[in-house]
Structure formats: structure tokens, C-alpha cells
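Asks: Next come a sequence and a model predicted from it.
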Amino acid sequence: MSQQAPVIPPAIPHNHTALVLTAGGARGAYQAGVMKRISEIPAFAHQTAPFSIITGASAGAINGAAIASQHQDFTAASKLLVKLWSSLQAKDVYRTDPLAMMKNAASMALDFGLGGLIGAGRVQSLVDSSPLYHFLGNNLKLDGIRQAVNKGSLYALGITATGYHSGRAFTFVEGKPGHPLWNKSRRVALSAEITLPHVLASAAIPIVFPPVELPAGASNAYFGDGAMRLVTPLSPAIRLGARRLLAVGVRCQESANSLLRSEWTQDEDFAAKLRRPPLSQILGTLMNAIFLDHLDADLDHLKRMNSFVTEHEKLASLVDLVEDSDPDHEPMRIVSPLVISPSADIAIIAKTLQHRMPKSIRYLMEGLGTPDAQSADLTSFLLFDSEFTRELIQLGYRDAAQRIDEIEAFLLEPE
């Protein structure tokens, strides 16, 4: 059908393909495997990354920043991701020494036990994540982002973090001058030079990792994991001008559907296993709600909007008028999505390797009870261990390999 492109800055490149990365904690290793296989496509080997727009939240912010920083050589970018995740240990993410853990535990005991008498507020998180700052600082060369933008291969990198004071999703964008910005009721976009604190803020799992201070407009504010308020993870890429989206999720859709069917049909085996959920399972479900559920829902919404635009061609001129009169209006256009997600349940993989967690963390989690691994597994978000992350890298590589012809055709199709 005949369509006019939405009003976008003239600096945007002809490649309107976006990479959308959302993840939670250690599950982000899966995306490294997917990127590794895609980088082996001959057309992309040692070439610029085939995405002019990259958006990331949570652990996806780490992966997105890594790719953007090596945007001129997609092979090098994928190797960097594999190196980061395959070598990762808990000590690279948070302090695991007994002194640090005991100090934090004592502070928590004071806050919860005597906070009403002596005042609370000593503890901001369960762990001290200062090692992650040094680990990423030694491996990410973020000045490469500006170089890629200046050379024209990268239009924009958007990193989303959640403001703890406003409760809004802030997308910090480093890109070509004139790139879109927005200020909605729950979402804000700000121009910024992406630095390590932006990445750390986006990846700061709530409660587990401490808030990160960032400049936000006229003053500074504290931010946490970008997935908390990003209920529409595809939106930043679309607002930045994407017409095609490659999104890499970290949830096994078949496993989720299987659990839903078991609950819905009251399967006898499921009913026999049913019991009151322990706190660890409740926390795991909370993590799932924050990190894993939004991509599926937003993809359904995008498909409905595509159908709406397709079936109502006569609205095209009206939509253009609305966009011209209100630059903050969501552009209405066909956006083609392709989603890669795990073929196996990552929670089950984590369950088999949970013995590799630091003893102090394992002891704490055992005190919260043993969850049903398939329905909600806190371990899969917190298992920062090379054996686990290598399993996820291999899973991502295999899943991408199974669909490599489809991926290649999608990325190379002329616009």
C-alpha cells in the first residue's frame, strides 16, 4: 500500500533497522550467543553492525553498549560480548567476601529490627556491586559509540533506566544531532553522552543492586533497572525511527505457554505438585514480571497496530496531519518485527547449576525456600557464573543458527 514515512530528522540513515535488547541479570548471556551467530553471516563479518539503532535495558543495556562501542566491526563486537559473559564470575559483579556480606547483613538487621528506634536507611541493596563498575570499565570502551555516530553507521543508542524519584522510564540517547526526544507521562528521552554509570543504572536489579546517580535535566537523580517501568520495550526504537526490529528476549515462550495450559486445564500432575509458594518463588515471579513479560505483550500490541495501519489506508493522511501538529505523537507506520527467544527454559538450566552460586548468596536463597523452577526462578537472574553463562551463550547460538536463513533475509531485505 502507499505510505508516507513519519516525520523524522533528515540525518537518519537509510538503514532503519533496530536491535532491541531487554534482559534480566545473568540471562543477558543468551543475547551474546545470538549476536555471535548473526555476526558469522558472511555479509556482516568484520563489517559495521547491521543495526543503525540500538536500544537496551537491564542487562540488555550492557550488551547494547558493547555492540555500539564496536559498531564498526560487528565480528569484534560479538567477540567482546562472548568474552564478557563467558568469563563472568560472581566476584566480578558484587563483593562476595565474608566481611562485605556480614556488614550488609548487620545493616539490614538494624534497619528491619531497630529501624523504628534508631532510624533506618542504611541499606540500599542486598549486595555491593562496585566490582561490576571495574569489570565493565576494563572491558567497555564507550568512546567508540561517539565515533560510530560521527562516522554515520550508528544513528542512535538508547539506554533506558528507571527514575526512583519520578517512577518514569528515562531513555538516555546518544546519537546524530536532531534525533527524536519525547516527554510522555511515563517515558522520557534525554540526549546524553552514554557513560558507564548509565549502563550500570540500567542494569541495577532492584533491591539487589544499589541505585546509581545520573544527571537528568537540570539536576541529578537516582536510577535503577531500566526494565522496571519500560512496559513497552519496543517503543524507544520505534520512536527513534525504526522500521524493522530485531528483538532478542530471554524467556522461553513454549515453557511459559505450557505452564499456562497446566494451570488453565487443571492438569492432574500440575495439581499434585501445587503448594503454597515460598518467598523465593514470589520474588522470582516478581522478577519475571519486571524483566520477562513486557516484550511478549508489546510485540502483540505492535502486531495489532500493524494490522490497524494495513486495514485502514484511508487514515494515512490523517495520521500524518496529527504527527505534523504534534511532534510528540507516536508515529503510526508499519514496523516489521523479528523476535529471537530461548528454545529451552533458562530457569531449568539455572536450577541444575545453582550449587555454583557463592555460599553466602546460596545460604540466603535457601532460607527463602525452594521454588518451582519452571514457574519462577530467582536463581537465573543472579547466577553470575561462567559455566551458566556459557550454557546460555551456546543456547543463543543454537537458536540463532536454527533461524539463520530467516534472520539473514530479514536483515538484508531492501527497505
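Replies: Done, it's in.
Asks: Okay, helices next: where are they in the stretch 101-250 of the chain?
Replies: With DSSP state H, counting those that start in this stretch applied, the stretch 101-250 of the chain shows helices at 130-139, 143-151, 196-202, 235-239, listed in chain order.
Asks: Mean neighbour count, the ones you listed: which tops it?
Replies: helix 235-239 (a mean of 27; mean count of other C-beta atoms under 10 Å). Where you see a C-beta, it was placed from the backbone N, CA and C, and this is true even at glycine.
Asks: ok, so what distance separates Arg251 from Phe44?
Replies: Plainly put, Arg251 is 26 Å away from Phe44 if you go by C-beta to C-beta, to the nearest Å.
Asks: of those two, who's got more company?
Replies: It is Arg251, of Arg251 and Phe44, that has more neighbours when counted by other C-beta atoms under 10 Å, with 23 against 18.
Asks: State the helix or strand in which the residue lying closest to Gly25 once chain neighbours are set aside lies.
Replies: By the measure of C-beta to C-beta, 6 or more residues apart in numbering, the closest residue to Gly25 outside its immediate chain neighbours is Phe381, 3.6 Å from it. Using DSSP states H and E, Phe381 sits in helix 379-382.
Asks: Alpha carbons of that helix, as CSV, please.
Replies: Taking only C-alpha atoms (Å, rounded to 0.1, in the frame of the first residue of the first chain), the coordinates of helix 379-382 have been written out as CSV:
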residue,chain,number,x,y,z
THR,A,379,18.4,-18.1,40.6
SER,A,380,18.5,-17.5,36.8
PHE,A,381,18.8,-13.7,37.3
LEU,A,382,21.5,-13.9,39.9
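Asks: Could you identify the helix or strand that succeeds that helix?
Replies: For helix 379-382, the following helix or strand on the C-terminal side (DSSP H and E) is helix 386-402.
Asks: Helix or strand next in line after that next one, which one?
Replies: Reading on from helix 386-402 to the C-terminus, the next helix or strand found by DSSP H and E is helix 404-412.
Asks: Which residues does that next one contact?
Replies: Applying C-beta atoms under 8 Å, 6 or more residues apart in numbering, the contact partners of helix 404-412 are 17, 37-38, 41, 43-44, 50, 244, 246, 336, 338, 340, 400.
Asks: Pipe these into CSV and attach secondary structure, pLDDT and distance to Pro233 per row.
Replies: Rendered in CSV, the data for these read as follows (DSSP: H, G, I helix; E, B strand; the rest coil; pLDDT from 0 to 100; distance: C-beta to C-beta, whole Å):
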residue, secondary structure, pLDDT, distance to Pro233
Thr17, strand, 96, 16
Arg37, helix, 98, 22
Ile38, helix, 98, 19
Ile41, coil, 97, 25
Ala43, coil, 95, 27
Phe44, coil, 96, 24
Pro50, coil, 96, 20
Arg244, strand, 96, 16
Leu246, strand, 98, 13
Ser336, strand, 94, 16
Leu338, strand, 97, 15
Ile340, strand, 96, 14
Ala400, helix, 98, 20
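Asks: which intervals of the stretch 151-300 of the chain have sub-threshold pLDDT?
Replies: With pLDDT under 70 as the threshold, the stretch 151-300 of the chain has low-confidence stretches at 253-275, 292-293.
Asks: er, the stretch 1-150 of the chain actually
Replies: Counting by pLDDT under 70, the ranges of the stretch 1-150 of the chain that qualify are 1-14, 98, 100-102, 104-123.
Asks: for the stretch 301-415 of the chain, which spans come out with low pLDDT?
Replies: Residues of the stretch 301-415 of the chain that meet the cut-off, pLDDT under 70, sit at 312-331, 366-376.
Asks: Leu299 belongs to a helix?
Replies: Yes - using DSSP: H, G, I helix; E, B strand; the rest coil, the assignment for Leu299 is a helix.
Asks: That one: what's it in contact with?
Replies: Leu234, Ala247, Pro337, Val339.
Asks: mind listing what Ile207 touches?
Replies: Ser125, Leu126.
Asks: same thing but at 10 Å, please
Replies: Counting by C-beta atoms under 10 Å, 6 or more residues apart in numbering, Ile207 touches Val123, Gln124, Ser125, Leu126, Val127, Gly224, Asp225, Leu283, Leu286, Met287.
Asks: on that earlier part again, got the contacts of Leu299 as CSV, with neighbour count and distance to Glu408 columns?
Replies: Supplementary listing: the contacts of Leu299 in CSV, determined by neighbours: other C-beta atoms under 10 Å; distance: C-beta to C-beta, whole Å:
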residue, neighbour count, distance to Glu408
Leu234, 24, 22
Ala247, 23, 17
Pro337, 20, 16
Val339, 15, 16
